[in-house]
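1. Sequence plus the predicted model coming up.
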Amino acid sequence: KHTPPSKTAEHLADYLAFAHPEVGRVEPNDLSPEHIKVGWKKYRNDIIQFVKGKVECTKAIYNFRDAFSGPTAVVYDPHAEFSTEVVNQYDIFHFLRNYEFEV
């Protein structure tokens, strides 16, 4: 029941740095097996909630990034130079990277 999971040293070090910033960050390799065991026993629920929060933050970052479609350029293309559609939408950054423009 009180056996720490495999990544406990890293999670404990991160949690302690977050919960006690005045102490500074302890490197996981500097934590003895006894410190890890005692820390896990004392802070188990806090560490679990802390790690879950970090996981959710990371998921949110990736979900936002994947959901971001960027600015769109609507292009009137009567000569079908870009597609068979007369009017089409494209990622504006694609055009800026790949084509030269005259204004």
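-> Received the coordinates, thanks.
2. CA only for contacts and neighbour counts going forward, please
-> Noted.
3. Just the residues contacting the helix or strand of the chain with the lowest mean pLDDT, thanks.
-> When the helices and strands of the chain are scored by mean pLDDT, DSSP states H and E, helix 92-98 comes last with a mean of 85. By CA atoms under 8 Å, 6 or more residues apart in numbering, the surrounding residues in contact with helix 92-98 are 70-73.
4. switch to 7 Å and redo it
-> 71-73 (CA atoms under 7 Å, 6 or more residues apart in numbering).
5. now those in a markdown table, with neighbour count and distance to residue 47?
-> Shown next, in a markdown table, are those (neighbours: other CA atoms under 10 Å; distance: CA to CA, whole Å):
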| residue | neighbour count | distance to residue 47 |
| --- | --- | --- |
| 71 | 10 | 40 |
| 72 | 13 | 43 |
| 73 | 14 | 47 |
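6. And the residues you listed, which is closest to residue 64?
-> Nearest to residue 64 among the contacts of helix 92-98 is residue 71, at 14.9 Å by CA to CA.
7. Let's verify residue 81: helix, strand, or coil?
-> coil (DSSP: H, G, I helix; E, B strand; the rest coil).
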